[in-house]
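Student: give the three-dimensional model of this entry:
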Amino acid sequence: MTDQDGREGREGRQFSDEELQDLVASTDSGGRAPTNRTVVLLIAGLAFVWSLFQLWIAQPMLWFGEYLPVMNSSQTRPLHLFFAIVLAFLAYPAFKGSPRDRVPIIDWVLMAIGGFCTFYIFWFADELALTARSGLPTETQVIIGAVGIVILLEASRRALGPALTVVGSIFLLYAYMGTGWLIPDLIEHEGLSFTALINAQWLDTGGVFGIPLGVSTAFVFLFVLFGSLLDKAGAGNYFIKLAFAGLGHLRGGPAKAAVVGSAMTGLISGSSIANVVTTGTFTIPLMKRVGFTNEQAGSVEVASSVNGQIMPPVMGAAAFLMVEFIGISYVEVIKHAFIPAVISYIALVYIVHLEALKKDMPALGESKSFLGMIVKFFVGFAVAGAGFTALIYGVGALRSVLPDLTGPIMMLALAAIYIWLVSIAARKPDLEVDDPNAEEIKLPQVKDIYATGLHYILPIIVLVWFLMVERQSPARSAFFATALMIGIIATQRPLKAVFRGEGGQMAAEFSAGLLDLRDGLIAGARNMIGIGVATAAAGIIVATVTRTPIGTELAGLVEQLSGGILFVMLVLIGLFSLILGMGLPTTANYIVVSSLMASVVVTLGAQEGLIVPLIAAHLFVFYFGIMADVTPPVGLASFAAAAVSGGDPIKTGFTAFFYSLRTVALPFLFIFNPTLILYGVDLGTWQGVLQAVFVFVVATFAMLLFAAATQGYFLARSRIYESAALLLVAFTLFVPNVWLDMVQNPFRQVEPAQFETALGEAAEDEQLRLLIRGPDFNTGETAETTLVVNASGATAEERLANTGLLLMPEGEAMRLDEPMFGTETAEALIDFDFYADEPVQLAAVQVARDRLPEQVFFIPALLLLGLIILLQRRRQTKPAF
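Tutor: Predicted structure coming up:
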């Protein structure tokens, strides 16, 4: 073997454009490319019809109700899965060596069986409601359900790889067997009968056809379709070029542009692998040209692309699942997820900047100021925010004057603005995809780029408007945004022809626009195959968690392994979430990790006296779950980036993980300080808005210091003690309450017998913390948990009744009876045995006390930062920005 061959073997091979597109297809839309025209038309036709079906059922006006029956969720979910399974067997080969130019007979057979099993659930929905869903499944139904589950798992294996199929099969075996030498005593159960298992998993509405598939049917498809149409219209290339025009002139500019470009495409994409290949084919070669190694270039793209999955409004489709699983509004999910996602991206841009400083990388073209770019960004952000606020007040005033005409006037105004923006775009030539390997790279100017795609922003504004201002459902909002996108993709070409004085080409351009629309509808549906199958297969895990003790007893297992140390518990939960997420797309990833681990975070936190909001727990496991796309040995996004860069996949994965340390640290921070996710911050008041701005500024500053500490470079190369000091400063800015708790106890103790008195004396809606101690319902051993109650009501008696607690004084002790059924308290204390010999007791009452403001610890932290700056200024040889 030659030296070069050995080096290629170690570093990996750089794929061609065709191979990269095949890589994306094999993971996102199916790698099969039949040569038979009839089969090609069948696959395209099914995908096209699937998109039309989803648009039809999402249409909010239901004008067809007079002529056609309106379908409910028990009918739409099976049809959604019908299309996903049929297309999975047509588009995805069984194995790497299976033919890709034709569909083998066995795949036609599996497709037909899978299609029948899902269509049966749709066609006989009424009969199933009277039989299986009432606990009386017939033998025929059980056979169809058993076959359907096997077919679904095989479709999952083809579309997603073996991970979800293996996990789903293990959960099925566990639900059926209940006991065995591989099943720990802690999670043993009697086992479900075969009939009960199939009924729960396939025939009922809580398994395969449960909430995850329902979210995929109602919300996810529309958002994926919206992203597909936006990309087909040319928005993807526009965003990448805009990022390069704004950032390419800086040190390490291509890497900064990769981060921002991936952030913008992440807004509309549900796949980190597609993000890597879409933006990476352009950004990675340019990063290598300015001095990044193969692995570093690939790692920057991986870190920024995977970060796209935590970026609102789509969050890899997990945002809509959080709405269903947590029971809060979509707007609340976006509110909580926004700051962590944005500061994570800002920190990644800074990490790239530090790498450029360390290696003294040149800029592409004339160098510009990084600090100036930051100032321009914040000015632009402020102007856009002010404009959007003015629009809200303007529409509010119009609605108060002309309530009946507001809708038509806004539609006419939107159409006029669209035509005006297209006329501006028509003055510039259409954007072409650049060749990153060209000998001379000419960076575009922002003034030449931004005008060519301003009309692409309109559907995003419509989406945000309906979600945030009108407070419409995600499905309705996505429908209106997608409808506008359909109008844009069909009309932008002929309108440009008119404005360019090429009226004779109008018919041809209109025809080309319709072809783009058709291709976008087909691509959107094909991108949904894996997600549709994944959400259905993940429903198997959800049903198993609800029907067996594994969901409640995992907390005990983690507690045993951690020895009761809270931080160790969180580390273990993070590792479990990372392992569970390996090889899964974002949607299935979130379903699995949240079903198993989110409640564990809340339960164990309460046992240790830490009250963790449910949304913080879900974001915690979600962040660690998506890190599986980065981390070896699976790290699908890292392998995709290595295929583009020609670097070593494992080394790329580890480097990307190092760049993603900020994403690993964030979940711990907002567990200990939920204010970072704006929990408890009321954005409906100016005081709340100012608090949110303050949190954002401080968190951004802290995250930049964290990035500088982990990179070993601030104003100059850091010494170990300087990096440690930067970490200490960042930690203090993130969670100053930790230090305050050490200095001043946050609570004063009240005797349990005085609880009702303390409740009556508390301010309205003030929170009291109760330590509850008693026998565990499952093990009989003494357990503890912390319960938070609100002092809401006019009198002490009314407030006590509102808590749902039933108190029984016994001398100095306070015994608890079983809480009032249906209250939050009853749900929180469900694991206690109120009928055992040992009583459940109110062991302690804690009331918040007045303390120093936690921000007082910013003073020593900033003084320490000033000392580090003084030390490094002496060694600084190049500007920090």
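
Student: need the per-residue pLDDT for Arg873.
Tutor: On pLDDT, Arg873 comes in at 89.

Student: and Ile419, how far from Gly453?
Tutor: From Ile419 across to Gly453, the span is 15 Å (Cβ to Cβ, to the nearest Å). C-beta here means a position set from N, CA and C on the backbone, and glycine is covered the same way.

Student: so between those two, which is more surrounded?
Tutor: Gly453 (22 against 14; other Cβ atoms under 10 Å).

Student: need the nearest residue in space to the more buried one, chain neighbours excluded.
Tutor: Tyr238 (3.6 Å; Cβ to Cβ, 6 or more residues apart in numbering).

Student: ok, the one you found - contacts?
Tutor: Contact analysis of Tyr238 by Cβ atoms under 8 Å, 6 or more residues apart in numbering lists 431, 449, 452-453, 456.

Student: just the ones of the residues you listed in helices?
Tutor: Taking DSSP state H as the definition of helices, those contribute Ile449.

Student: what domains does the record give for the chain?
Tutor: Using automatic domain parsing, the domain ranges for the chain come out as 19-160+198-213, 747-850.

Student: returning to what we had before: confirm the residue nearest to Gly453 sits in a helix?
Tutor: Yes: counting by DSSP: H, G, I helix; E, B strand; the rest coil, Tyr238 is found in a helix.

Student: the chain: strands as residue ranges?
Tutor: 747-750, 767-775, 782-790, 806-810, 813-817, 841-848 (DSSP state E).

Student: and the ones you listed as JSON lines, adding mean neighbour count, mean pLDDT and distance to Trp123?
Tutor: Converted to JSON lines, the strands of the chain look like this (neighbours: other Cβ atoms under 10 Å; pLDDT from 0 to 100; distance: least, Cβ to Cβ, whole Å):
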{"stretch": "strand 747-750", "mean neighbour count": "14", "mean pLDDT": "87", "distance to Trp123": "59"}
{"stretch": "strand 767-775", "mean neighbour count": "19", "mean pLDDT": "89", "distance to Trp123": "50"}
{"stretch": "strand 782-790", "mean neighbour count": "17", "mean pLDDT": "86", "distance to Trp123": "47"}
{"stretch": "strand 806-810", "mean neighbour count": "13", "mean pLDDT": "85", "distance to Trp123": "49"}
{"stretch": "strand 813-817", "mean neighbour count": "17", "mean pLDDT": "86", "distance to Trp123": "50"}
{"stretch": "strand 841-848", "mean neighbour count": "19", "mean pLDDT": "88", "distance to Trp123": "55"}
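
Student: nearest to Ala175, out of these?
Tutor: Nearest to Ala175, of all the strands of the chain, is strand 782-790, at 25.8 Å by Cβ to Cβ.

Student: and the angle from the closest one to strand 841-848?
Tutor: 40 degrees (axes from the mean of the first three to the mean of the last three Cα atoms, to 10 degrees).

Student: returning to that earlier point: can I get the domains of the chain in JSON lines with distance to Thr652?
Tutor: Formatted as JSON lines, the domains of the chain follow (distance: least, Cβ to Cβ, whole Å):
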{"stretch": "domain 19-160+198-213", "distance to Thr652": "15"}
{"stretch": "domain 747-850", "distance to Thr652": "43"}
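
Student: of those, which is nearest Leu443?
Tutor: That would be, of the domains of the chain and by Cβ to Cβ, domain 19-160+198-213, which comes in at 23.6 Å.

Student: tell me the average confidence for that closest one?
Tutor: pLDDT averaged over domain 19-160+198-213 gives 87.

Student: do the same with stretch 329-346
Tutor: Here the average pLDDT along stretch 329-346 is 87.
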